[in-house]
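Trainee: Here's my sequence, what's the structure:
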Amino acid sequence: MNPSSQIQAFFDEPTNTVSYLVSDPATKLAAVIDPVLDYDHRSGKASTASADTMLRAATDGGLQVVWVLETHAHADHLSAAPHIKQHTGAQVAIGEHIRDVQSIFRSVFNIDDVSGDGREFDRLLADGETIQLGSLTVEVMHTPGHTPACVSYRIGDAVFIGDTLFMPDYGTARADFPGGSAQTLYRSIRRLLSLPDETRLFLCHDYKAPGRDTYAWESTVGDMRARNVHVHDGVSEAEFVAMRERRDATLAAPVLLLPAIQVNIRAGHLPKAESNGVSYLKIPVSRGQTPHGV
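Mentor: Residues are numbered from 1 along each chain as shown. Now for the predicted structure:
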């Protein structure tokens with residue numbers, strides 16, 4: 001049986017993101033999951049304050065961080081993976097289908113310095129593959145739908161599920177990004193919800209559902225099956241797809257979508273600095289048809 005891990009959560013309220021420091025008590029080896037780079041979109045300034053808080057927690061606990069595990073290429077925050085790697089030597093890993101996401105967004109942003117083969121990351125992980133975190137075994141579960149590259153990490157009775165599900169009172173992730181699919185998301189969710197009821201699910205985001213005053217990011221398979229407002233037991237695939245597509249059609253793009261995707265498909269690295277030493281991010285601009293008479 002897989003030994004128990006120790007889990008510390010770090011909540012970034014500006015992006016509503018939860019990052020995790022997961023460690024093996026026996027060996028003191030640790031992984032950071034979905035670290036956040038603090039980024040002010042209005043000024044273009046970035047800092048590593050949130051990541052440094054995680055690094056201090058690791059140091060205080062006598063932990064050696066050996067992995068940075070990304071659940072997917074996030075659209076709502078920039079990854080601090082390079083900063084964690086610089087200070088710890090950790091390997092940065094992501095699901096192997098990041099290649100598909102890179103290929104999609106190379107075209108969207110017309111960028112040629114992204115490989116398309118995932119080489120920006122130290123390790124690409126396949127469905128069913130396992131990696132070691134000391135005496136802990138980390139199982140990779142490909143759970144696409146929100147994006148083609150989404151993976152969940154199962155460590156004992158804990159699964160870190162990225163954006164696949166939110167708290168039961170909030171529902172599920174959107175599936176309208178390029179390469180996303182509500183049908184695929186439903187099937188990924190049912191795969192997760194086929195795990196034992198007592199399995200703990202650790203989420204990547206929380207937005208406080210109406211009527212709830214505090215943030216939360218841990219649930220269980222049993223609770224999701226009983227209470228998730230979008231996908232509890234009894235909701236069919238067709239019903240879910242219709243609901244998800246109808247809901248997604250009303251959602252605005254995430255505030256940090258354009259900078260986040262450009263950085264995160266590069267494993268958290270900024271584009272190469274130009275001759276003045278500054279890195280620049282692109283903003284694709286599209287013009288709709290001008291109404292008659294204007």
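
Trainee: neighbouring contacts of the strand or helix carrying residue 84?
Mentor: Residue 84 is part of helix 81-88 when elements are defined by DSSP states H and E. Residues outside helix 81-88 that contact it (C-beta atoms under 8 Å, 6 or more residues apart in numbering) are 32, 35, 37, 48, 51-52, 54-55, 58, 64-66, 68, 70, 90-92, 122, 267-269. C-beta here means a position set from N, CA and C on the backbone, and glycine is covered the same way.

Trainee: Following the chain onward from the helix or strand encompassing residue 239, which element is next?
Mentor: Using DSSP H and E, the element containing residue 239 is helix 237-248. Counting by DSSP H and E, the element after helix 237-248 in chain order, helix or strand, is helix 257-264.

Trainee: Now do that next one and helix 81-88, the angle between them.
Mentor: For helix 257-264 against helix 81-88, the angle by axes from the mean of the first three to the mean of the last three C-alpha atoms, to 10 degrees is 40 degrees.

Trainee: what comes up buried for helix 257-264?
Mentor: Going by neighbour count (16 or more other C-beta atoms under 10 Å), the buried part of helix 257-264 is 258-264.

Trainee: what's it packed up against?
Mentor: Where contact means 3 or more C-beta pairs under 8 Å, 6 or more residues apart in numbering; DSSP states H and E, helix 257-264 is packed against strand 78-79, helix 98-109.

Trainee: any idea of the angle that helix forms with helix 98-109?
Mentor: Using the same axes, to 10 degrees: helix 257-264 against helix 98-109 is 130 degrees.

Trainee: Give me the contacts around helix 257-264.
Mentor: For helix 257-264, the external contacting residues (C-beta under 8 Å, 6+ apart) are 37, 39, 41, 70, 73-79, 105, 108-109, 111, 254, 269-271, 281-284.

Trainee: Swap in 6 Å and give it another go.
Mentor: For helix 257-264, contacts defined as C-beta atoms under 6 Å, 6 or more residues apart in numbering pick out 73-75, 77-79, 105, 109, 281, 283.

Trainee: Only alpha carbons, please: show that helix as PDB.
Mentor: Output of helix 257-264 as PDB, limited to C-alpha atoms (Å, rounded to 0.1, in the frame of the first residue of the first chain):
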ATOM      1  CA  LEU A 257      -5.500  33.800 -20.800                       C
ATOM      2  CA  LEU A 258      -3.200  35.400 -23.400                       C
ATOM      3  CA  PRO A 259      -0.100  35.900 -21.300                       C
ATOM      4  CA  ALA A 260      -0.600  32.700 -19.300                       C
ATOM      5  CA  ILE A 261      -0.800  30.400 -22.300                       C
ATOM      6  CA  GLN A 262       2.200  31.900 -24.000                       C
ATOM      7  CA  VAL A 263       4.300  31.400 -20.900                       C
ATOM      8  CA  ASN A 264       2.900  28.000 -19.800                       C
END
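
Trainee: tell me the average confidence for that helix?
Mentor: For helix 257-264, mean pLDDT is 96.

Trainee: Off-centre distance for that helix?
Mentor: Taking C-alpha atoms, centre = their mean, to the nearest Å, the mean C-alpha location of helix 257-264 is offset from the chain mean by 12 Å.

Trainee: repeat for stretch 198-215
Mentor: Stretch 198-215 has its C-alpha centroid displaced from the chain centroid by 15 Å (C-alpha atoms, centre = their mean).

Trainee: Of all the residues in it, which ones are buried?
Mentor: 199-206.

Trainee: Make CSV out of those and add pLDDT, secondary structure and distance to residue 127.
Mentor: CSV is the format used below for the buried residues of stretch 198-215 (pLDDT from 0 to 100; DSSP: H, G, I helix; E, B strand; the rest coil; distance: C-beta to C-beta, whole Å):
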residue, pLDDT, secondary structure, distance to residue 127
199, 98, coil, 18
200, 98, strand, 21
201, 98, strand, 18
202, 98, strand, 19
203, 98, coil, 21
204, 97, coil, 19
205, 97, strand, 23
206, 97, coil, 26
